[in-house]
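Engineer: The following block contains a protein sequence and its predicted model.
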Amino acid sequence: MIRAHVNFALIKYWGKLNDELRLPYQASLSFTVDNLYTETNVVYDDNLTNDIVTINGVTNDPIMSKRVTKYMDLLRKELNFNKYADITSTNYVPTAAGLASSASAFAALSVAAVKGLNLDLSNSELSRLARLGSGSASRSIFGGFSVWNTGDDKTSVATPLNINWPEFRIIVCFVDTNVKSHSSSVAMKESVQNKELYNVWVKESKIDLDNMYQALDKKDIDLVGSIAEKNANHMHDLVESTGITYKTKESHDVIDKIHNMRQQGIKAYYTMDAGPNVKIITVANQVDLILEKLGNIETLVCKQGPGVTII
Ligand code: 2P0
């Protein structure tokens with residue numbers, strides 16, 4: 001069984017240069033967390049004539065399992081084998097939280113599929129295979145902070161950043177569990193088509209990344225938080241220029257609370273991904289204050305998590 005953890009991007013991946021190979025236009029930087037993860041087991045069986053896919057206890061669900069079998073077909077081609085497998089995967093995220101993550105799912109699946117073949121691949125090679133399943137999965141191979149670089153099929157992989165910052169926290173605010181998000185792949189595609197705005201995004205996110213390296217080096221939460229917040233706002237402005245929006249009224253309410261907290265000197269910054277939930281970027285000694293100010297919003301406090309592990 002392989003366990004892979006969810007990662008949250010502080011500098012976002014948004015837009016594919018190559019759809020099939022999932023090569024990004026810009027590098028992204030993320031934090032892999034401890035308490036949201038996927039566990040996956042892949043058992044090859046010479047008698048099988050197709051893959052059997054069970055996700056969260058449901059076998060061969062038409063939409064979910066199709067993406068998995070398509071990915072297994074890709075691995076059969078890439079790694080040159082022809083066996084089918086019984087695949088069981090469970091997402092450990094708060095129930096009904098709307099936080100299913102393709103990052104942890106494809107990181108766990110890629111590694112479980114490789115281990116089941118008794119292949120010994122490097123973390124870089126595993127990151128590449130995970131990327132082919134879902135871009136952000138390339139980063140979940142590693143624990144803590146990591147960067148997924150641009151490049152070609154071989155070189156566009158994630159690498160871990162050697163940053164020891166045990167006090168860093170991300171508080172997930174589950175603001176709206178019922179909203180059906182637009183798929184990030186579709187929203188990315190539309191964003192890329194808006195060439196003028198998209199080019200600005202690519203240019204700015206490179207600057208954000210450089211600034212983020214320096215801020216992380218100093219472990220300066222105000223700098224890290226404000227760069228991440230600016231980067232997330234830029235991504236969401238780009239998304240909204242296509243007519244899609246991920247922010248709901250509830251998201252805006254939490255964002256307002258975060259602005260208020262900052263006026264009171266609390267170190268709280270936000271980031272958001274392809275959905276309405278808001279993630280607060282902070283450090284350990286601010287967590288109790290923040291939770292108190294959030295009131296009855298459902299939250300999950302995340303610390304640094306490990307890279308993929310065999311369990
Ligand atoms: C990220 N997101 O960097 C960005 C920020 C969402 C917002 O990566 O199409 O599921 O499978 O490569 O990785 C979500 O996109 O996209 C994502 P695919 P993925 O975390």
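Structural biologist: Arrived safely, thanks for sending.
Engineer: Against the centre of this structure, work out the most remote residue.
Structural biologist: Distance to the chain centre peaks in the chain at Asn47, reaching 35.2 Å (criterion: Cα atoms, centre = their mean).
Engineer: Tell me, how many residues neighbour the closest residue to Thr150 other than its chain neighbours?
Structural biologist: Nearest residue to Thr150, sequence neighbours excluded (Cβ to Cβ, 6 or more residues apart in numbering): Ala27, at 5.4 Å. All C-beta atoms are positioned from the backbone trio N, CA, C, and that covers glycine. Applying other Cβ atoms under 10 Å, we find 17 residues neighbouring Ala27.
Engineer: Got the phi and psi for the residue farthest from the centre of the chain?
Structural biologist: The phi/psi pair for Asn47 (degrees, to the nearest 10) reads phi -80, psi -10.
Engineer: Return the set of buried residues in stretch 101-121.
Structural biologist: Neighbour-count burial for stretch 101-121, counted by 16 or more other Cβ atoms under 10 Å, picks out 101-117, 121.
Engineer: measure Thr299 to Gly133 for me?
Structural biologist: 29 Å (Cβ to Cβ, to the nearest Å).
Engineer: actually Ile87, sorry about that
Structural biologist: 12 Å.
Engineer: what is in contact with the two at once?
Structural biologist: Taking Cβ atoms under 8 Å, 6 or more residues apart in numbering as the contact rule, Ile87 and Gly133 both touch Leu109.
Engineer: any idea where the strands of this structure begin and end?
Structural biologist: 2-11, 16-18, 23-24, 28-45, 52-55, 58-59, 84-92, 144-148, 158-160, 168-174, 269-272, 278-283, 298-302, 309-310 (DSSP state E).
Engineer: Output the ones you listed in CSV; the columns should cover mean pLDDT, distance to Leu291 and mean neighbour count.
Structural biologist: Output for the strands of the chain, formatted as CSV (pLDDT from 0 to 100; distance: least, Cβ to Cβ, whole Å; neighbours: other Cβ atoms under 10 Å):
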stretch, mean pLDDT, distance to Leu291, mean neighbour count
strand 2-11, 97, 18, 26
strand 16-18, 98, 37, 15
strand 23-24, 98, 34, 21
strand 28-45, 97, 15, 22
strand 52-55, 96, 32, 19
strand 58-59, 94, 34, 11
strand 84-92, 96, 22, 20
strand 144-148, 98, 23, 24
strand 158-160, 98, 30, 22
strand 168-174, 96, 7, 22
strand 269-272, 97, 15, 24
strand 278-283, 98, 10, 25
strand 298-302, 95, 6, 18
strand 309-310, 96, 29, 12
